[in-house]
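Student: sequence first, predicted coordinates after that:
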Amino acid sequence: MQNSDEFIWHYKIDYKPTEEALYDDPIVEMIRTEIQNLLQIVVLTKDGTRVQINGFKFHKALVTGKEDVEYKIWG
Amino acid sequence: MDNYESINHVAWTEPRIQFIKQQLESLLKVVDLESKGKVVEIDGFRLKELSMWRSSLPQGILDNFGTLSSVCNCNCEFCYERGLSKISNELVFFPRRSMLTLQEAKTRAKYYDPETQTGLFITAADSLEPTLNPYWLDILRIAREKCPTETLGLPTTNGTKLTEEVIKQLSELKPITVSISLLSINPLTRKQLMHDPNPEIAIQSITLLRKYGIPFKVGIVAWPTIPINEIKETIKYADHYDALEIEIQLPGFTKFGFEAPPFNTKQQWDSIVNIVQSMRLQIQTLLYTSPYTYEVNGDPSAVVVGTVKNSPAANTDLHIGDRILEINGKKVFTRSYCNDLLRKTSEGLLHIKILRNKEIRKITIVCNQQDKEKDLYPYKPANYSIDPLLHHGIFMPDSFRLEYIIQIEGIIKNYNAKNVLIFSSKLISPYFKKILQVFKRQGHFKNVKIYVETPQNNFWGGNICIGDLLTVSDYIDCIEEFLLKRKVRPDLLLIPCSGFSNWGRDITGRSFLEIERRFNIPVDLIKSLVIWR
């Protein structure tokens, strides 16, 4: 933890979404925006080579009922 | 709590904080957080273990402190801020009407390592008049205490607070240098163009900085309403009081500040370049235009722009306009490479081969750094270290580097690309295209079609033509036009990285990766350095 006499860098959390949702399902939206945000600061690779993605779907192993649906990351 | 830090100000330098914010926001849409079985509400987060948030980017301690003040007491006709309030939410650094606090400065000093010159990530904020921060001198003292021998460079000041009492206090913080935006030695001009109510203070400060032995750099924005004679007199004044260097800024304006162009750019810039070239030969102080690339039409040749007064080079036969061909037997092609060689050989004898009036000459410069006590103002006042960028006192602004071509070739090979679109700026592209042809003739870039495009600075508009100010939206505009016009689809896009932050963000906070997603064409960055001058 920081010492009490140190300057504190703290940031506000906004509950309201800053951009329009692509999907009604909040879980799908959470995952979509997490991937989208992640891709703003990292690139994905396979054996050292960059891999581009533009969507995702749930693992079949997961009992979600959504396993065959593919979701777009960007609108 | 309403004094949260703005996330925009770290989007540029530390987007991982923005990422954490977005992650938390996403989570909070689907879960409630609990403590001991009860839902707790949160509205923010703070960074812990600040040592984890140190940047690997080396910088001086004052640069690491960031903006001392983002307020100003002048209202310059030519201020780059003019009209920016219209787009305040689009820029990462604007608006932040704030002052660096003593607590933040102390915390930053605590985590700053003078040896590696690294510290906490910096926050991007509008850097305006530093002396308006009520604690600016205390902040400088904090920096001095942390780094006892570092030459502190005060961020550019308009000089309105540089009274004798203040300069005296500054002199106690030596080694320190001051950069002053003087504009003119005519008080009326400062009053009219800068709205400086007490112009005499800034004008007088030049004499006081000299009196107290503080090296200073003078900046003059060559705004067209300043009479030419006044610019010349101001240059002579700065030279008389031994300025370290005089920078004549070719005036710029954006579409946000002016609905119609306030002057003819080419006419004004050419006229100023002519004056500077003639004045350079009449004075002893370094005098250069900014951006210097305009003056030389993108040519990166290692031509001497000037020497620092009292420097080793100033005491030799080296002239303004001499073209450096060799340094200690190594061939020199560009100013940047020449600077690299000069910086590497800081001690002993420097043998230089130059070309002057079609005649090759040899010059030897003796560089001896042993005598720390010796006063060689403004080059190296007593107890100052020698500026590592100006060891010998030979001044030539950095330029395009030939190594970029080798780098570009390597990237193209990695991607196995055949149709490559490379972006260059208006000022650099004439030379870049020429040098590309030379490399092609030598057998480089076989079976690769290279297109060079110069994006317009549409975001800023006006007469802005600097590549380092191009935004993601400017690149997108340019690519769209290229695809439409050329009917060719490139398989690789190469962009100079110097206009982006370490995290690949432009001034509006957008990532260059957006370009890749938009066109579905791989984009890579050319590791190029910012050419400030």
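Tutor: Now that the structure is in, tell me what you want to look at.

Student: over to A:D24: give its phi and psi.
Tutor: Dihedral angles of A:D24 (phi, psi; degrees, to the nearest 10) stand at phi -80, psi -30.

Student: can you list contacts of the helix or strand of chain A with the lowest mean pLDDT?
Tutor: Counting by mean pLDDT, DSSP states H and E, chain A has its least confident helix or strand at strand A:49-51, which shows a mean of 80. Strand A:49-51 is touched from outside by A:V43, A:L44, A:T45, B:P522, with contacts defined as Cβ atoms under 8 Å, 6 or more residues apart in numbering or on different chains. Yep, even glycine has a C-beta here, placed from its N, CA and C like the rest.

Student: for residue 21, what are its contacts?
Tutor: The chain I'm using is chain A. A:E29.

Student: chain B is the one I meant
Tutor: A:Y11, A:K12, A:I13, B:I7, B:F45.

Student: if you set the cut-off to 7 Å instead, what comes out?
Tutor: B:K21 sits next to A:Y11, A:I13, B:I7 when contact means Cβ atoms under 7 Å, 6 or more residues apart in numbering or on different chains.

Student: and the first one, that one's in a helix?
Tutor: Looking back up the chat, that one is A:Y11. No. Using DSSP: H, G, I helix; E, B strand; the rest coil, the secondary structure at A:Y11 is strand, not a helix.

Student: number of nearby residues for it?
Tutor: By other Cβ atoms under 10 Å in any protein chain shown, 18 other residues sit near A:Y11.

Student: that one and B:I17 touch, don't they?
Tutor: Yes. Shown here, A:Y11 and B:I17 form a contact pair, counting by Cβ atoms under 7 Å, at 6.5 Å.

Student: shared neighbours, the two?
Tutor: Joint contacts of A:Y11 and B:I17 (Cβ under 7 Å, 6+ apart) are B:I7.

Student: show me where chain A dips below the pLDDT cut-off.
Tutor: Residue ranges of chain A with pLDDT under 70: A:1-3, A:15-19, A:60-67.

Student: which residue packs closest to the residue nearest the centre of it, ignoring adjacent ones?
Tutor: Against the mean C-alpha coordinate of chain A, by Cα atoms, centre = their mean, the closest residue is A:E34 at 1.0 Å. Ranked by Cβ to Cβ, 6 or more residues apart in numbering or on different chains and with sequence neighbours excluded, the top spatial neighbour of A:E34 is B:S26, at 5.5 Å.

Student: same check on B:K211?
Tutor: In space, B:K211 is closest to B:I167, 7.9 Å off (Cβ to Cβ, 6+ apart).

Student: which secondary structure element contains the one you found?
Tutor: helix B:164-171 (DSSP states H and E).

Student: just checking, what packs against that helix?
Tutor: Here helix B:164-171 touches helix B:199-211, going by 3 or more Cβ pairs under 7 Å, 6 or more residues apart in numbering or on different chains; DSSP states H and E.

Student: how far is the helix it packs on from where the chain is centred?
Tutor: Computed by Cα atoms, centre = their mean, to the nearest Å, the chain-centroid distance of helix B:199-211 equals 25 Å.

Student: for that helix, buried residues please.
Tutor: Buried residues in helix B:199-211, counting neighbours by 16 or more other Cβ atoms under 10 Å in any protein chain shown, are found at B:P199, B:I201, B:A202, B:I203, B:Q204, B:S205, B:I206, B:L208, B:L209, B:R210.

Student: following element in sequence after it, please.
Tutor: In N-to-C order, the element after helix B:199-211 by DSSP H and E is strand B:216-221.

Student: partners of that following strand in the sheet?
Tutor: The strands beside strand B:216-221 in its sheet (DSSP bridges) come out as strand B:176-181 (parallel), strand B:245-249 (parallel).

Student: after it, next one along is what?
Tutor: helix B:228-240.

Student: would you mind pulling up the elements that that following helix packs against?
Tutor: For helix B:228-240, the contact count by 3+ Cβ pairs under 7 Å, 6+ apart identifies strand B:216-221, helix B:265-280 as packing neighbours.

Student: out of the ones you listed, nearest to B:K374?
Tutor: strand B:216-221 (19.7 Å; Cβ to Cβ).

Student: look up how far chain A lies from B:N368.
Tutor: Remark: distance between B:N368 and chain A (Cβ to the nearest Cβ, to the nearest Å) = 44 Å.

Student: grab the nearest non-local neighbour of B:P300.
Tutor: In space, B:P300 is closest to B:S399, 3.3 Å off (Cβ to Cβ, 6+ apart).

Student: how about the one you found, phi and psi?
Tutor: Residue torsions, per degrees, to the nearest 10, at B:S399 are phi -140, psi -170.

Student: tell me the pLDDT of it.
Tutor: Listed pLDDT for B:S399 reads 82.

Student: these two touch, right, B:L68 and B:D138?
Tutor: No. If you go by Cβ under 7 Å, B:L68 and B:D138 don't touch, sitting 10.9 Å apart.

Student: between the two, point out the one with more neighbours.
Tutor: Shown here are B:L68 and B:D138; by other Cβ under 10 Å, B:L68 has more neighbours (24 against 13).

Student: spatially nearest residue to the more buried one (excluding sequence neighbours)?
Tutor: Closest to B:L68 by Cβ to Cβ, 6+ apart is B:P130, at 3.9 Å.

Student: just give me the neighbour total for that neighbour.
Tutor: So B:P130, with other Cβ under 10 Å, has 22 neighbours.

Student: which residues does it contact?
Tutor: Taking Cβ under 7 Å, 6+ apart as the test, what B:P130 contacts is B:L68, B:S69, B:W136, B:L154, B:P155, B:T157.

Student: ok, so of these, who is nearest B:T189?
Tutor: Once Cβ to Cβ is applied, the member of the contacts of B:P130 that ends up nearest B:T189 is B:T157, at 17.8 Å.

Student: returning to what we had before: identify the residues contacting the residue nearest to B:K211.
Tutor: B:S205, B:L208, B:L209, B:Y212, B:I214.

Student: turn those into a markdown table, columns for pLDDT and distance to B:I246.
Tutor: A markdown table is the format used below for the contacts of B:I167 (pLDDT from 0 to 100; distance: Cβ to Cβ, whole Å):
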| residue | pLDDT | distance to B:I246 |
| --- | --- | --- |
| B:S205 | 98 | 15 |
| B:L208 | 98 | 18 |
| B:L209 | 98 | 14 |
| B:Y212 | 98 | 19 |
| B:I214 | 98 | 16 |
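
Student: can you put those in a markdown table and add distance to B:R517?
Tutor: Converted to a markdown table, the contacts of B:I167 look like this (distance: Cβ to Cβ, whole Å):
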| residue | distance to B:R517 |
| --- | --- |
| B:S205 | 51 |
| B:L208 | 55 |
| B:L209 | 51 |
| B:Y212 | 55 |
| B:I214 | 50 |
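
Student: can you tell me which of those is closest to chain A?
Tutor: B:I214 (29.4 Å; Cβ to the nearest Cβ).

Student: give me the angle between the helix holding B:I167 and helix B:199-211.
Tutor: 40 degrees (axes from the mean of the first three to the mean of the last three Cα atoms, to 10 degrees).

Student: in helix B:164-171, what's buried?
Tutor: B:V166, B:I167, B:L170.

Student: likewise stretch B:476-496?
Tutor: Within stretch B:476-496, the residues scored as buried using 16+ other Cβ under 10 Å are B:I476, B:D477, B:C478, B:I479, B:F482, B:P490, B:D491, B:L492, B:L493, B:L494, B:I495, B:P496.

Student: any idea which of the residues you listed is closest to chain A?
Tutor: B:L492 (12.1 Å).

Student: now the closest residue to that closest one other than its chain neighbours. Its backbone dihedrals?
Tutor: Spatial nearest neighbour of B:L492, chain neighbours left out: B:A417 (3.7 Å); criterion: Cβ to Cβ, 6+ apart. Phi and psi for B:A417, reported as degrees, to the nearest 10, are phi -80, psi 150.
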